[in-house]
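1. Attaching a predicted model along with its sequence, questions to come.
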Amino acid sequence: MKKIMNLLAAALLVLTSLFSAVGTVVKASVYEPEGATRVVVHKILMNQEDLANFQYKEDPKQYSGGKIEDLQKYFGNNSAKEIEGVFFDVYMKVNTADSNTKTGAELAAETGTAVGNGGFEADSRYLAEPFKSAMTEKDGANFVLPIGTYVFVENKAESPYYNQNGSELTGAKAVPFTLTLPQTKYDGTGNYSVTDPLHVYPKNTEDKPTVDKTFNDGTIETKPYAIGTEIPYKVTTNIPKDADYKTMAWDDVMVEGLDFKTGSLKIMLGDVALSKDEDYTLAESLRGFVLSMTETGLAKVKEAAKANIATITLTYSGVLNASAKVDTEIPNTVDFHYGNRPGIDSLPKLPPTVEPKSGELVITKTWGVGANKVSVMFDVYEELTGTKVATVTLQAGEQSVTVSGLEDGKKYVVREQKTQKTLPDYKPNGAGQLTVNNEENYNPEPIRPKEPKVITYGRRFVKVNDQNDILAGAEFVVKNSQEQFLAAKPNDQRVAEKAAYEAAEAAYQKAVKANQSKDQIETLQKARDLAYGIMNNQWDWIDDQKQAYTFTAGEAGRFEVKGLGAGKYFLQETKAPEGYALLTADVEFEVGPNTWNDATGIDGHTKVTNKKITIPQTGGIGTVLFTIGGLGLMVFAFVAMKKREADRA
């Protein structure tokens, strides 16, 4: 009798990981062999504190193998409840070894469970495939099993359960569990049977990851950067204790002023660096990256989460490019995809580049089985700058949508805006054609944390005189507080960098057309992206004023300085407007929030004022009087000199 209760206790104390996927419920067999037992598995969910505090005590008055009517009373807490959608596989123990059987050690490895502790016995033999499978419904999962010994394993990949907040099943105790049938009733009146079922109550808790994206210093507040500056980011992902995810991926998008610095990404599990290709795969371009964990990497995360929360840290860099809008916050988003259901359809894809044909791009939409066919919006970006050029909508029921007004010879990237429960896969079909297919995603919706934002500043100026008249032609250089001058790259350097980029782009395109290996293409793409980033960095600070960039006031007297970080700067006039004095003192100015003004009138710009040089005019009455006076003085001097000579004589 004690053995019976111990077996029931092992079954009752089950606490398995919460995961969601799609499973097929297998109902009780119509054929019921003599001596068979109906086993009903009820999945109990509790919060983490209640689960940790629950201790099984043998009390036949409360539970002896029958159905528990008041779960909260029995488990001694208010969080206990029965849940649907958890899939169980049942493996039968056998006495012979053949091609249809496997050892317990092999099955434990396949199912991701530990040997012993109520599960598979390492050296024992079991049928290689589940003897029966079923998913919990409102009143549990039903199994009709003949006489024998069975191991019940929760199949996380086939369990569609996760809650509305995206929490998956995590913590568990005594799972898997073993039952030997038949089982004798506690009161000694016989065995449990098909008509008098045995009820068992494995338990779980649930949790979800937390994701934070910050700058590398851990802050999230908006930071000012100058164009061309590298921006360090950090993504911290905390995986719940006892989690056993089959899908983990990060999808980062850099557009509208940001470039991803390819080759900059590093990933750590705790304080251990993970290895590319072995632990994760990485697809990257100027417009962002997708990092997906491999089975090896997932196993390492699972092992780390057995002891405590497992922390994964990604660090990488972006670069603020010349397309960044001044005085406008620029976000950088990341989505974390996770869940207990594996498969290629559960992973995000990095969008490829596409080229239009006759200025148009046709986007064709297809849907996988089970996917909800809804209206979809697509954003279209220039590949090299990340500038958004169009947003188009494909209405539900339509098969394609056309993007017009594009430039032939220029490359673009199309991104589908988020749709519920599906993930897009992008397939170019030659020039001017792109197919986007959405398959149903059975995992929780990805987590998108609050994103850090960057901003760049500038100031607009207008050249006037003291009467507020517009002056053209003035020239200036910009200095910083360290007496360095703002310089654009020398023309020969810019030409060389442009040529280097064009050569890298040509080599990349040649490799793509020649269908070279994936590694060769990725190497050439990274070289192309690096060359573009170097070419796109427009400003530098130098010591030689002669090499500084010259800002010229145009016909309307206006000029502008943009793409600077917040701070104090100085205008030094190097050429005054014609007829005006050169400024002898530098003009101090600051850039920061709201210093960039889009107004077109003079009042909307910072004034730089010159005074007119005043010189006498020629040909007027003043000149005549001046001349007469001068002649008179000369005559008077001549007469005085002659008189002095006569007196001496």
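-> That came through fine. Note that this is a predicted model, so its numbers are computed, not measured.
2. ok, and the closest non-adjacent residue to residue 549?
-> residue 488 (4.3 Å; C-beta to C-beta, 6 or more residues apart in numbering). (Glycine included, C-beta is placed from N, CA and C.)
3. let me redo that: residue 246
-> With C-beta to C-beta, 6+ apart as the criterion, residue 246 has its nearest non-adjacent residue at 3.8 Å, and that residue is residue 342.
4. Could you confirm that neighbour falls within a helix?
-> No. Under DSSP: H, G, I helix; E, B strand; the rest coil, residue 342 falls outside any helix and is assigned coil.
5. For the residue nearest to residue 549, give me the pLDDT.
-> Looking at residue 488, its pLDDT reads 76.
6. Tell me how far it lies from residue 497.
-> 12 Å (C-beta to C-beta, to the nearest Å).
7. returning to that earlier point: pretty sure the residue nearest to residue 549 contacts residue 542?
-> No. Applying C-beta atoms under 8 Å as the test, residue 488 and residue 542 come out as separate, 10.2 Å apart.
8. burial count for residue 574?
-> Using other C-beta atoms under 10 Å, residue 574 has 15 other residues around it.
9. ugh, wrong one, I meant residue 205
-> 27.
10. That one is in what secondary structure piece?
-> Element membership for residue 205, per DSSP states H and E: strand 203-207.
11. Can you list the strands that the helix or strand that that strand is followed by pairs with?
-> Following strand 203-207 in sequence order, the next helix or strand is strand 210-215 (DSSP H and E). Strand 210-215 has the following strand partners under DSSP bridges: strand 230-239 (antiparallel).
12. so how far is the partner strand off the chain centroid?
-> 9 Å (C-alpha atoms, centre = their mean, to the nearest Å).
13. can you give me the mean pLDDT across it?
-> Averaged across strand 230-239, the pLDDT comes to 95.
14. that older thread, neighbour count for residue 488 and residue 497, which is higher?
-> Taking other C-beta under 10 Å, residue 488 and residue 497 do not tie; residue 497 has more neighbours (17 against 14).
15. Low-confidence stretches in the chain?
-> Applying pLDDT under 70 to the chain flags the ranges 1-32, 54-62, 163-165, 169-175, 489-491, 494-495, 498, 532-538, 597-605, 610-649.
16. how's it carved up into domains?
-> Domain assignment for the chain by the TED database gives 37-207, 210-440, 454-610, 617-648.
17. any idea where the helices of the stretch 351-500 of the chain begin and end?
-> Using DSSP state H, counting those that start in this stretch, the helices of the stretch 351-500 of the chain run over residues 491-513.
18. Quick one: classify residue 290 as helix, strand or coil.
-> At residue 290 the chain is in strand, as set by three-state DSSP.
19. Hmm, it is touching residue 248, no?
-> No. In this structure, residue 290 is not within contact of residue 248 by C-beta under 8 Å, at 11.7 Å.
20. Those two: which has the busier surroundings?
-> Remark: of residue 290 and residue 248, residue 248 carries more neighbours, 24 against 21, as counted by other C-beta under 10 Å.
21. Going by secondary structure, that one is in what exactly?
-> Applying DSSP H and E as the criterion places residue 248 in strand 247-253.
22. and if you look at residue 120?
-> For residue 120, there is no host helix or strand (DSSP H and E).
23. ok so, going back, also compute the angle for the strand holding residue 205 relative to strand 230-239, please.
-> Relative orientation of strand 203-207 versus strand 230-239 (axes from the mean of the first three to the mean of the last three C-alpha atoms, to 10 degrees): 160 degrees.
24. elements contacting strand 203-207?
-> Applying 3 or more C-beta pairs under 8 Å, 6 or more residues apart in numbering; DSSP states H and E, one finds that strand 203-207 contacts strand 15-16, strand 44-45, helix 48-53, strand 168-172.
25. Quick check: bridge partners of the residue nearest to residue 549?
-> residue 539.
26. Helices of the stretch 501-649 of the chain, residue ranges please.
-> Under DSSP H, counting those that start in this stretch, the stretch 501-649 of the chain gives helices at 518-536, 621-648.
27. so what's the closest residue to residue 95 other than its chain neighbours up against?
-> Counting by C-beta to C-beta, 6+ apart, residue 95 lies nearest to residue 125, which is 7.2 Å off, once chain neighbours are set aside. Residues near residue 125 by C-beta atoms under 8 Å, 6 or more residues apart in numbering: 93, 94, 95, 96, 97, 101, 102, 103, 104.
28. If anything else comes up later, I'll come back, but that's it for now.
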